[in-house]
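J.: Quick one, what's the 3D model for this:
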Amino acid sequence: MSGLDYTILVVTMLGIAGYGVWRTKAGGDLNAYIKGAGETRWLTIGLSVMATQASAITFLSTPGQGYESGLGFVQNYFGAPLALIVVATVFLPIYRRLRVYTAYEYLGHRFDPKTRLLGAGLFLLQRGLGAGITIYAPAIVLSTVMGWRLDATIVCSGLIVIAYTVWGGCEAVNVTQKYQIGVIFAGMVAAFVVLLHRLPAGLSMTDALTIAGGFHKMKAVDFSLDVDRRYTIWSGVLGGMFLALSYFGTDQSQVQRYLSGTSLRESRLGLMFNAVFKIPMQFFILLLGVLIFVFYQFERPPVYFNRAEWTLQARGGPGGRLRALDAQFASAHADERRGLEAWVGARRSGDHSGEEAARAAAAAAQERAEAARSETKAVLRSTGAHASANDADYVFITFILDQLPHGLIGLLVAAFFAAALSSKSGELNALGSTTTVDIYRHVVRREASDAHYVAASKWFTAMWGLVAIGFALFANLAENLIQAVNILGSVFYGVVLGLFLVAFFLKRVGGTAAFWAALASQALVFALYFTLPISYLWYNVIGCAACMALSLAIQAVLGSAGPGAAQAATP
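T.: Now for the predicted structure:
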């Protein structure tokens, strides 16, 4: 990065954070600190919901997912629009009618204190770990590629977001996220335009997509009934809907965003904004990764995208083997390029037999290249190399640093940090609010002033920020980062969603039955996750269904829950 890139990065990050501090100061009003005084308009809600959900992991890792696996990952989001409609229709009116600060307050109204604490506890555990991943994920990639110290990258970005989130609360999160998401979109569009410009001269968009389709990168929908496949239309619509229902409907980091709306209509419009644009946004990011794949079929990529790690290990014991594999990869890639050029030429001239022969030759060369890449990963893994299991997360940042002009590099890196800060600020704000409202005010200090609870929320927000930084300093992920976040959510979200659906629709079930059913269901999900090789999206369905079924069964054993069981259960 040049001085211009660093200037753009620093000015963007500090400017947005400083604006958030300048624009907001909630004082001693708890409602204003947690919900922004209920004055947020629909577009701000929509952008804030999107920014909280779309972390740096989304923009840094998803193009790598598209590069390696194609468009199929978009199926993960097919259930999101349906889930957002349900949240806007069922969840939101209940929360607003009860004037709750957190989603888990509703569980206290409907059930009892212990069920409320269980719901809040599951959220704090899952989201607390997620906040650590949110800051670790971009830091590990950027520090490796840029040569920055990992611990310094984590601590600096963490302290910036803690500062303005603690200062301004929910409103600071909302006003900064608007500009952060703007920086993100500007950077991604700029990268897309440069990518199209850098494709080989004469290669049309149709040619590029044809090449991608020839390597099975354009298959966006898989109708397979195989539950072992991670992404199919069935797991996406059903499992993805349950994941999105729990995330948007019960995760306080999202609930807090739309509870700040000026009215029910404004909050609903903010949710519908995401229902309309969520899938197109993810499709665009994946398509960017697919086109990067096409670009690297003509431009020689590294055999291993985490080049800093490859270079380090190549100087040691496995260096000879790694250099030999690099040479094999270069030879195979050169053959593949010649085959693709012949393929495009034969296609344009209408030579169908020549087109098929060239396609077969390119595919064979690509298999040899991938074999060299796979063996390189195996060699690195055998040495215990850091983050050697998956290098897809380094694809996009490698393209940025190698192909984008200075200035745009700074903008893209700023976009990654903006995404990290926007999602992390929403998470910390929700963690602090939940700890204050559902635990501290409910269990520790029942009677105190608003000013006291605002101060407590600030301290808890800072505490969770430091916990996230601490987790990030010791984290180590083998999964592709975008998948790691979704896996973590799927392990917890199904059971939490089950609790809320029991509260909404199973009016005869009381708090004790729901509490023990949720604990048993969470234990079941943990057991299945470590023993059953199925798509993680199905755990959202399993956890939810188990919680609802066990609630009914336990309530049948306990007998009638009494006339108060259905309190506040309907919109």
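
J.: residue ranges of the helices in the stretch 51-200 of the chain, please?
T.: Assignment of helices within the stretch 51-200 of the chain using DSSP state H, counting those that start in this stretch yields the ranges 56-69, 80-86, 92-98, 103-110, 113-146, 150-198.

J.: Check the offset of the third one from the chain's centre.
T.: Using C-alpha atoms, centre = their mean, to the nearest Å, the mean C-alpha position of helix 92-98 is found 27 Å from that of the whole chain.

J.: neighbouring contacts of that helix?
T.: With contacts defined as C-beta atoms under 8 Å, 6 or more residues apart in numbering, helix 92-98 is touched by 103, 105-106, 109, 255, 258-259, 264, 267-268, 271, 504, 568, 570-571. (C-beta placed from N, C-alpha, C; glycine too.)

J.: Equivalent analysis for the second one, please.
T.: Contacts of helix 80-86 from elsewhere in the structure, counted by C-beta under 8 Å, 6+ apart, are 237, 240-245, 248-249, 271-272, 274-276, 278-279.

J.: quick one: contacts for the nearest residue to Gln252 once chain neighbours are set aside?
T.: Leaving aside its sequence neighbours, Gln252 sits nearest to Ala430 (C-beta to C-beta, 6 or more residues apart in numbering; 4.0 Å). With contact set as C-beta under 8 Å, 6+ apart, Ala430 has these partners: Phe123, Arg127, Asp251, Gln252, Ser253, Val255, Gln256.

J.: possible to save these as JSON lines with distance to Phe474?
T.: Shown next, in JSON lines, are the contacts of Ala430 (distance: C-beta to C-beta, whole Å):
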{"residue": "Phe123", "distance to Phe474": "22"}
{"residue": "Arg127", "distance to Phe474": "18"}
{"residue": "Asp251", "distance to Phe474": "24"}
{"residue": "Gln252", "distance to Phe474": "25"}
{"residue": "Ser253", "distance to Phe474": "23"}
{"residue": "Val255", "distance to Phe474": "30"}
{"residue": "Gln256", "distance to Phe474": "28"}
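
J.: Same list, these, but as a markdown table with neighbour count, distance to Asp351 and secondary structure please.
T.: A markdown table is the format used below for the contacts of Ala430 (neighbours: other C-beta atoms under 10 Å; distance: C-beta to C-beta, whole Å; DSSP: H, G, I helix; E, B strand; the rest coil):
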| residue | neighbour count | distance to Asp351 | secondary structure |
| --- | --- | --- | --- |
| Phe123 | 26 | 60 | helix |
| Arg127 | 25 | 57 | helix |
| Asp251 | 26 | 55 | coil |
| Gln252 | 28 | 60 | helix |
| Ser253 | 27 | 56 | helix |
| Val255 | 28 | 59 | helix |
| Gln256 | 26 | 60 | helix |
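
J.: Kindly indicate which of these lies nearest Asp226.
T.: Checking those against Asp226 by C-beta to C-beta gives Asp251 as the nearest, at 29.5 Å.

J.: what's the distance between the closest one and Ala419?
T.: Distance of Asp251 to Ala419, given as C-beta to C-beta, to the nearest Å: 18 Å.

J.: what ranges do the helices span in the stretch 201-350 of the chain?
T.: With DSSP H, counting those that start in this stretch applied, the stretch 201-350 of the chain shows helices at 205-214, 233-234, 240-250, 252-258, 264-298, 307-314, 319-349, listed in chain order.

J.: Run through who's touching the third one.
T.: By that I understand helix 240-250. 49, 53, 75-80, 82-84, 86-87, 90-91, 103, 119, 123, 254-255, 271, 274, 486, 489-490, 493-494, 496-497, 499-500, 537, 540-541, 544.

J.: re earlier: which of the helices of the stretch 51-200 of the chain sits closest to Gly316?
T.: Short answer: helix 113-146, nearest of the helices of the stretch 51-200 of the chain by C-beta to C-beta, at 17.2 Å.

J.: List the buried residues of that closest one.
T.: Along helix 113-146, these residues count as buried under the neighbour rule (16 or more other C-beta atoms under 10 Å): 115-120, 122-124, 126-145.

J.: Centre of the chain to that helix, how far?
T.: Its chain's C-alpha centre lies 11 Å from the corresponding centre of helix 113-146 when counted by C-alpha atoms, centre = their mean.

J.: between it and helix 307-314, how big is the angle?
T.: Between the axis of helix 113-146 and that of helix 307-314 there is an angle of 70 degrees, by axes from the mean of the first three to the mean of the last three C-alpha atoms, to 10 degrees.

J.: that older thread, and the contacts of helix 80-86, which of them are buried?
T.: Buried members of those, counted by 16+ other C-beta under 10 Å: 237, 240-245, 248-249, 271-272, 274-275, 278-279.

J.: of all those, which comes closest to Tyr231?
T.: When those are ranked by distance to Tyr231 (C-beta to C-beta), Gly240 comes first, at 9.2 Å.

J.: biggest separation within the buried ones among the contacts of helix 80-86, which pair?
T.: Taking every pair in the buried ones among the contacts of helix 80-86 and measuring C-beta to C-beta, the maximum separation is 19.8 Å, between Phe242 and Met272.

J.: Just to check, His216 is in contact with Gly70?
T.: Yes. With contact defined as C-beta atoms under 8 Å, His216 reaches Gly70; the gap is 6.3 Å.

J.: More neighbours: the two, which one.
T.: Applying other C-beta atoms under 10 Å to His216 and Gly70 shows that Gly70 carries more neighbours, namely 23 against 11.

J.: need the contact list for Ala503.
T.: Tyr106, Leu107, Arg110, Phe111, Ala514, Ala569.
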